[in-house]
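Visitor: Sequence and predicted structure are below.
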Amino acid sequence: MLLIIAQTSLQQGTYENTKDIQEVARNIDLTTQGIAENTEDIAHKAREIIVSMARGAPVVQILTFPKEAADLEVLDKFNPVHNAGYQAEHHEKCLSGTRGPILREIMYWAKITQDQPVFWLNGLAGTGKSTIAQTFSEMASNYDILGASFFCSRDYLERKMLKNIFPTLAYQLACRYPRFRGHLVKIIRRDPSVAHNSLISQLRDLLVDPLSATRISCVIVIDALDECVDDQPASAILSVLGRLVSKLPLVKFFITGRPEPRIRSGFRLPLLEPFTQIFLLHEVASTDVEGDVRLYLTERLTGIAKRRSGLDLPKAWPSGEDITALVQKSSGLFIFAATVARFVESEYHEPGERLQLIVSRTDDTSYEGASGVDSLYSQVLCDAFSGIHEESAFNDLKRILSAVVLALDPLSRDGLVQLLDIDSALISTRLRHLHSVMLIPADGSKEIRVFHKSFPDFLQDRNRCSDPRFHVDSSMRHGDMTLSCLYLVGKLSMNPCSVAPFVMNRDVLDLPQLLRDKLGSGLRYACKHWSAHLLSSSPSGEYGSRLTASMSLFFDHSVFPWMEVMSLEGCLEDVIHSMNHLLEWLSNVSDTRYG
């Protein structure tokens, strides 16, 4: 039987390094011992491997015995987050030649340091933490010391839930280490609900016990912990890690996160602080950071000149003075440098002119941190819409921008069309000049995402985004999103997916495709998230009245078809959460009216 048990990176149908090929060969050799006489079976398996590799699929497929197949079937019920590991490549890695001292210090800790098994890469937004985490993960994998990785993200529901971190790490470890897998499967069979237990139970049962029993030595990476939903005053993950880290003498944890109060409090816990090495990324010597930013900007901008050689650019473009001005403006923020590069390389503009728009502004060169990025964001927005004066155009823009930055799961252009009842071409037109701050795929079914979380933060803060044409009032816009969601949900009829009577969900043929075809991404989003948007909406004034009226219509006409959809989505338990959100919002309405 051919099963997926580990991920790697395959490009153009070939493995990137010899070790991957050797690993496949070893497994093929071990598996085929004793069954050589079954030549037809072996040939079939060999052909499957050849086809898989030729397709360039991002997996290593190896032959397994029936017992391993049964173990992996047990693990699949874990529902791990498959796109949370470093191999999903959510972030670019460091440009060659940059971040050398930092990466060397991290690698020294990973390979040599014994008394501090936890490493906190502490840095402000935009300082490059996730890029370093991506690079370190690849380096650790090449040195064969990486056990598992989880890249948290507030943009994706599954990757911002704390309860998903330890089960996903355990799944990856089980795929990598057969002896770990054997212990973990026994634990799961003894307690099938172990992945849904408390965080302390998850850590103990899924990681500590199997790792201690097998004495596996490895590094575990958790990136952007601050982006997880966590209502504890001290990070819940760090709290439980502090209680059990001493029981894992052969395992190290590399964690990145902003210095937010709950993250700082977590690392200051008496049980964790002695075991933690802290690196303050935003306090690296300015000369080191500026050198890296200079190299990055030079590489990116000269690359633009090479790709667009038909343009009438000076031979020495960009000039040394231009690069120096950009480095000074970056104030140590790699996100600033990356945003500048995206701004300049816009295919719709002449790069020389775009560069001059940035370097000619001298009034904000002393700004640091978010201030430098705020100035850039303001300039990007003003330049993108300098020729537009109609109020209706900005109303459309704010609706679209609000939906993108407030979405609880990223939305595609197709999803926005359905949710906002707006033309696809209009969405493309309004977002056309925002590629320097947003990732906007040409494929309408692919998700639109902001390039960095500092952009939605900027838009939602009136003190930072003072231009009313672009400022997003989150409370009001969450109300708009709720109304749009409920309007879509209101179009549902009974049995919206035309499922045959008395058929169990698991027996519906190709249910995921059926949901895509019958509902569409916008309606599916609306069903899942209307209540969360409601909870973030203003309960007072006109919006409170409109939302209340929409809720009445929902219960009169749409509640049962909605529950059918939630059942088909496998989210029936979320119906209870939605009702709790509704009750909490109604309580706020009462407090506003009668408080």
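Guide: Great, that's in hand.
Visitor: Give the pairing partners of the helix or strand encompassing residue 254; include direction for each.
Guide: Assessed by DSSP states H and E, residue 254 sits inside strand 251-257. Using DSSP bridges, the strands paired with strand 251-257 are strand 118-122 (parallel), strand 218-223 (parallel).
Visitor: among those, which is the most enclosed?
Guide: Highest mean neighbour count among the strands paired with strand 251-257 (mean count of other CB atoms under 10 Å): strand 218-223, with a mean of 24. The way it works is simple: take the backbone N, C-alpha and C, and place the C-beta from them, glycine included.
Visitor: got the domain boundaries for the chain?
Guide: What automatic domain parsing lists as the domains of the chain is 2-64, 86-283, 309-384, 387-472, 476-595.
Visitor: pLDDT of the second one, averaged?
Guide: This means domain 86-283. The average pLDDT for domain 86-283 rounds to 93.
Visitor: Next, the contact list for residue 473, please.
Guide: The contact partners of residue 473, taken as CB atoms under 8 Å, 6 or more residues apart in numbering, are residue 460.
Visitor: List the contacts of the residue nearest the centre of the chain.
Guide: Residue closest to the mean C-alpha point of the chain, counted by CA atoms, centre = their mean, is residue 153 at 3.6 Å. Applying CB under 8 Å, 6+ apart, we find residue 153 in contact with 90, 159, 160, 224, 227.
Visitor: Any figure for the gap between the last one and residue 206?
Guide: Residue 227 sits 22 Å away from residue 206, going by CB to CB, to the nearest Å.
Visitor: Need the contact partners of the strand holding residue 254.
Guide: By CB under 8 Å, 6+ apart, strand 251-257 touches 106, 109-110, 117-123, 129-130, 132-133, 136, 147, 207, 211, 216-226, 238, 241, 245, 263.
Visitor: Stretch 302-309 now?
Guide: Stretch 302-309 has contacts (CB under 8 Å, 6+ apart) with 311, 313, 317, 318, 341, 344, 345, 351.
Visitor: Repeat that for stretch 519-532.
Guide: 407-409, 411-412, 414-419, 445, 482, 484-486, 488-489, 491-492, 496-497, 515-516, 562, 565-566, 569, 571, 574, 577-579, 581-582.
Visitor: Quick check: buried residues in stretch 547-565?
Guide: 547, 550, 551, 554, 558, 561, 562, 564, 565 (16 or more other CB atoms under 10 Å).
Visitor: again with stretch 481-492
Guide: For stretch 481-492, a neighbour-count test (16+ other CB under 10 Å) marks 481, 482, 483, 484, 485, 486, 487, 488, 489, 490, 492 as buried.
Visitor: do the same with stretch 498-512
Guide: Neighbour-count burial for stretch 498-512 flags 499, 511 (criterion: 16+ other CB under 10 Å).
Visitor: Who's the closest spatial neighbour of residue 355, skipping the chain neighbours?
Guide: Excluding the flanking residues, the one nearest residue 355 by CB to CB, 6 or more residues apart in numbering is residue 344, at 5.1 Å.
Visitor: Hmm, residue 353 and the one you found touching each other?
Guide: No - contact criterion CB atoms under 8 Å: residue 344 and residue 353 do not qualify, at 9.3 Å.
Visitor: who's more crowded, these two?
Guide: Per other CB atoms under 10 Å, whichever of residue 344 and residue 353 has more neighbours is residue 344, with 25 against 9.
Visitor: The closest residue to residue 113 other than its chain neighbours: how many residues sit nearby?
Guide: In this structure, residue 113 finds its nearest non-sequential neighbour in residue 277, 6.9 Å apart by CB to CB, 6+ apart. The number of residues packed near residue 277 is 17, by other CB under 10 Å.
Visitor: distance of residue 277 from residue 270?
Guide: With CB to CB as the criterion, residue 277 and residue 270 are 17 Å apart.
Visitor: Check residue 133 too.
Guide: The gap separating residue 133 from residue 270 is 27 Å, by CB to CB.
Visitor: Please say which of the two ends up with more neighbours.
Guide: Counted by other CB under 10 Å, residue 133 and residue 270 do not tie: residue 133 has more neighbours, with 24 against 7.
Visitor: about what we covered before: give me the more crowded residue out of residue 227 and residue 206.
Guide: Neighbour tally, residue 227 and residue 206, criterion other CB under 10 Å: the higher count belongs to residue 206, 25 against 20.
Visitor: From residue 398, how far off is the nearest residue to residue 462 once chain neighbours are set aside?
Guide: Nearest residue to residue 462 in three dimensions, chain neighbours excluded: residue 471, at 5.7 Å (CB to CB, 6+ apart). Distance of residue 471 to residue 398, given as CB to CB: 8 Å.
Visitor: Reformat the strands paired with strand 251-257 into CSV and put distance to residue 281 next to each item.
Guide: Formatted as CSV, these follow (distance: least, CB to CB, whole Å):
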stretch, distance to residue 281
strand 118-122, 6
strand 218-223, 13
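Visitor: Touching, residue 293 and residue 328? I think so.
Guide: No - applying CB under 8 Å, one finds residue 293 not in contact with residue 328, separated by 9.7 Å.
Visitor: which of these two has more neighbours?
Guide: residue 293 (27 against 15).
Visitor: What residues does the more buried one make contact with?
Guide: Residues in contact with residue 293 (CB under 8 Å, 6+ apart) are 326, 327, 330, 332, 334, 337.
Visitor: secondary structure element for it?
Guide: Applying DSSP H and E as the criterion places residue 293 in helix 286-307.
Visitor: heading toward the C-terminus, what's the first helix or strand past that helix?
Guide: Next in line after helix 286-307, if elements are assigned by DSSP H and E, sits helix 320-330.
Visitor: Alright, calling it a day.
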